[in-house]
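Asks: Let's see this in three dimensions:
(2 chains)
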Amino acid sequence: MAGEVSVAADPRFGDYQTNAALVLAKQHGENPRALADRIVKQLNVSDISEPPTVAGVGFINFTLKREAVEKKIAELLTDERLGVERVSQAKRIVIDFGSPNVAKPMHVGHIRSTVLGDALARIAQFLGHEVIRDNHIGDWGTQFGMVIWGWKNLLDRKALAREPIAELVRIYKETNERANQDQNVRDAARAELVKLQAGDAENLSIWQQTVDLSKQEFERAYALLDVHYDIQRGESFYNDRLSEVVDRLRKSGLAEISEGAVCIFFRDIPELRDKPAIIRKRDGGFNYTTSDIATVDYRIRDLGADTIWIVTGAPQQLHFKEIFEIARREGYRADFRHITNGNILGEDRKLMKTRSGENVPLLEVLDEAIERARKVIEEKNPDLDDSEKDTIAKIIGIGAVKYADLSQYRMTDYVFSFDRMLSLQGNTAPYLQNAYVRIRSIMRRMGEKFSPPAAVRLTEPAEIQLAKKVCQFAEAVPQVLNDFRPNILANYLFELANSFHTFYEACPVLRAEEPSRSSRLALANLTGRVLQRGLKLLGIDVPEKM
RNA sequence: GCGCCCGUAGCUCAGCCGGAUAGAGCAACGGAUUUCUAAUCCGUGGGUCGGGUGUUCGAGUCACCCCGGGCGCGCCA
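Replies: Below is the predicted model:
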């Protein structure tokens, strides 16, 4: 780890710095400054850097040569990948994210896992990994006893046709309430569940209908969010594999019977010692631990995954720790990661709910974001035609919601605020999109097709600063996967947009004299491509006008 | 009781493997518009990094304890 070079903490220290001398001096018991001096003498970086300097207790600072930056920019102009290298060893990654439940509406809470997982998938793919996006839908479980009983006894067909999910939720809730008060209803619902699990044709048909209706609803959200899956293997997909999972684990001795249930104990792991995983209930039924073990099997054996990322809220940490531990005990060598995310809070700093205490439906949030964006467009740019305004409102509104989420560390509980994310100032999607729009405007006014110049000449501080920022894209993207932090990319893009806006104010492009004019055009064009590509990696679109 | 996560400026948040005088945005205040989209830019003020002890040349970052908030802990998912 010694010898890492990072972007300088402060511009006064140049562009890049390394603490390698400090680390090495510590290891060898030497004087860090003296060591740094020796390193600097032997270092040959004259092709890209001014002579490195030693500062402070032994930091080595580098300032990029202007010519080197100019050369790099000229290279990037014709580089499809904008300097981002592919990983040397591509992995096959199954990424599990989103995972909504059937017969329940998607709510704001689903934004995080969905948007985070999607961004990680896009970034991993761009870096050269083979990515399989899997929507592990909650389409099986005890709630279906209630849903089926409600369907048979309480269903309003017209309401179902109008608002399928709302009606499913209504019958579920009402059945639940009745069951709480009436033992007969409770028993009846349980009986429906048993029939379903036994393969009863009528109940299976009802179940299938609720699954289909729910998937249609999910698709509306995914279309708006521009999120797409390669496969959707719900929990039910694993049903016929569950008994063999339990048999296998019993045979291998990993599982044992305790109080009538089949359990796996983790006696050698202190934090799991008193928390066994149940893989078959006393009544013979399976639960989600069983199905998640079957899911690991499938992903590794059938899909050939060597890496599995599961993106869900933090409450499931214990569960997945056990699932991964079981997989390791079974001999699986895959790289398992549980990527957790925090909660979305309301203005009251508690879990975001409606006034009546319900979850806030996802589609309502997205619609409101679009609506609010539309109003701002109306105000700022009334001359655009209506369909254009609609398109732009969607790009900005959805982008704002996604960016508000992705620009923050995934574990942080964050306060959801339309006003902030759409205030269109500061670190928001519209701010970044606006930088892109300004660039596109220049390109349109130029009046001809952009063709990259052979050489680039940079003179003004603002353009050199912007150019250096553009070059850092190649460093920002791979960093995201170190600890699954898309906010690193988001923050980079914000800094890039900021540098561009400064450049835009300080440096006229079209009115500049040659050779500045073509160099600035090239720099602006390249910045636009990085913004577009970077935002795309976050799942965010850019408009041509706004 | 045990375990996990969080606590950084008035507000919302960055700060990845410990590294230089802790950074942004919003809000506040002061400037910039005959100029390619001002949804912008430039500037000013604002901090016992929840508290403490320890490890280290060096701690917002690591270890331990405490306080505060959230969540999870055998047959729901």
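Asks: Pull the residues that contact stretch A:15-29.
Replies: A:1-9, A:30-33, A:35-36, A:39, A:49, A:54, A:57-64, A:468 (CB atoms under 8 Å, 6 or more residues apart in numbering). Every C-beta, even on glycine, is put in place using the N, C-alpha and C of the backbone.
Asks: Inside strands: which ones of those residues?
Replies: A:Val5, A:Ser6, A:Val7, A:Val54, A:Phe59, A:Ile60, A:Asn61, A:Phe62 (DSSP state E).
Asks: still on that earlier bit, filter the contacts of stretch A:15-29 to the buried ones?
Replies: Buried by 16 or more other CB atoms under 10 Å: A:7-8, A:32-33, A:35-36, A:39, A:49, A:54, A:58-64, A:468, out of those.
Asks: Now do the buried residues in stretch A:179-194.
Replies: So stretch A:179-194, judged by 16+ other CB under 10 Å, has buried residues A:Ala179, A:Val185, A:Arg186, A:Ala188, A:Ala189, A:Glu192, A:Leu193.
Asks: Could you export that stretch as CSV, CA atoms only?
Replies: Extracted in CSV, the C-alpha atoms of stretch A:179-194 (Å, rounded to 0.1, in the frame of the first residue of the first chain):
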residue,chain,number,x,y,z
ALA,A,179,-57.6,-12.0,10.9
ASN,A,180,-56.3,-10.1,13.9
GLN,A,181,-59.8,-10.1,15.3
ASP,A,182,-61.3,-13.3,14.0
GLN,A,183,-59.7,-16.6,14.6
ASN,A,184,-61.8,-18.1,11.7
VAL,A,185,-60.4,-15.7,9.2
ARG,A,186,-56.9,-16.4,10.5
ASP,A,187,-57.4,-20.1,10.0
ALA,A,188,-59.0,-19.7,6.6
ALA,A,189,-56.0,-17.6,5.4
ARG,A,190,-53.6,-20.1,6.7
ALA,A,191,-55.5,-22.9,4.9
GLU,A,192,-55.3,-20.9,1.6
LEU,A,193,-51.6,-20.7,2.1
VAL,A,194,-51.3,-24.4,2.6
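Asks: is any part of that stretch close to RNA strand B?
Replies: No: using CB under 7 Å from any atom of the strand, stretch A:179-194 never reaches RNA strand B; the gap is at least 9.9 Å.
Asks: Report the distance from that stretch to the chain centre.
Replies: Distance of stretch A:179-194 from the chain centroid (CA atoms, centre = their mean, to the nearest Å) equals 40 Å.
Asks: Now do stretch A:222-240: everything it contacts.
Replies: In contact with stretch A:222-240 (CB under 8 Å, 6+ apart) are residues A:98, A:102, A:114-115, A:118, A:131-141, A:211, A:215, A:221, A:288, A:291, A:294-295, A:298, A:363, A:366, A:394, A:398, A:402, A:539, A:541.
Asks: Inside helices: which ones of those?
Replies: A:114-115, A:118, A:211, A:215, A:221, A:288, A:291, A:294-295, A:363, A:366, A:394, A:398, A:402 (DSSP state H).
Asks: where do the helices sit along the stretch 201-350 of chain A?
Replies: Shown for the stretch 201-350 of chain A, the helices assigned by DSSP state H, counting those that start in this stretch span residues A:201-225, A:242-251, A:288-297, A:317-329.
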